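What would the 3D arrangement of this be:
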Amino acid sequence: SLVGAVTAVALGVGFVELRKNDGPAMDSDRWVQRTTGPDYRDRHVEFGFRRDLVRPSDRVLMVDDWADTGMTARTARELVADCGARWVGAACIVDGLTDPRLRHELPLRALLDVRQL
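Purely as a prediction, here's the structure:
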């Protein structure tokens, strides 16, 4: 995601691309992968990244443009846990969460609420 890459550069930290439906078949490296629960279109999406990019000593913040059901962030959090790293939370431009409890559970912070658009 461009938003994630720009955020990583601004913070001077590393960046790991969370790939959707595109995984280990693309290279020979070891991957961690998980499938989401239903998203805003009722799809189940497979996400993953190269395993060697996240170490147990890492702290991970997921950055995205929009949060709707929270399924991408939940899946990213599980992938981070699979690597033994620490999940810090999620940040996005627009918070359109359908379940307000997720703001605390993930935790998620946003620049805008969908009702402001």
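
Just to check, Cys83 is in contact with Arg59?
No - using C-beta atoms under 8 Å, Cys83 is not in contact with Arg59, being 11.7 Å away. Quick note: C-beta positions are derived from backbone N, CA and C, even for glycine.

which residues of this protein fall in helices?
With DSSP state H as the criterion, the chain has helices at 2-11, 71-82, 102-105.

would CSV of these with mean pLDDT, mean neighbour count and distance to Phe47 be doable?
Below are these laid out as CSV (pLDDT from 0 to 100; neighbours: other C-beta atoms under 10 Å; distance: least, C-beta to C-beta, whole Å):
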stretch, mean pLDDT, mean neighbour count, distance to Phe47
helix 2-11, 95, 12, 13
helix 71-82, 96, 20, 5
helix 102-105, 96, 14, 17
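
who's in contact with the lowest-mean-pLDDT helix or strand in the chain?
In the chain, the helix or strand scored least confidently by mean pLDDT, DSSP states H and E is strand 19-20, which has a mean of 90. The contact list for strand 19-20, computed with C-beta atoms under 8 Å, 6 or more residues apart in numbering, reads 45-49.

List the pairing partners of that strand within its sheet, with orientation.
Sheet pairing here is set by DSSP bridges, and for strand 19-20 it gives strand 46-50 (antiparallel).

mind exporting the partner strand as CSV, just the C-alpha atoms?
This file holds the C-alpha atoms of strand 46-50, laid out as CSV (Å, rounded to 0.1, in the frame of the first residue of the first chain):
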residue,chain,number,x,y,z
GLU,A,46,-6.0,-14.7,1.8
PHE,A,47,-3.3,-12.3,3.1
GLY,A,48,0.3,-13.0,3.8
PHE,A,49,3.9,-11.8,3.7
ARG,A,50,7.4,-13.2,3.6
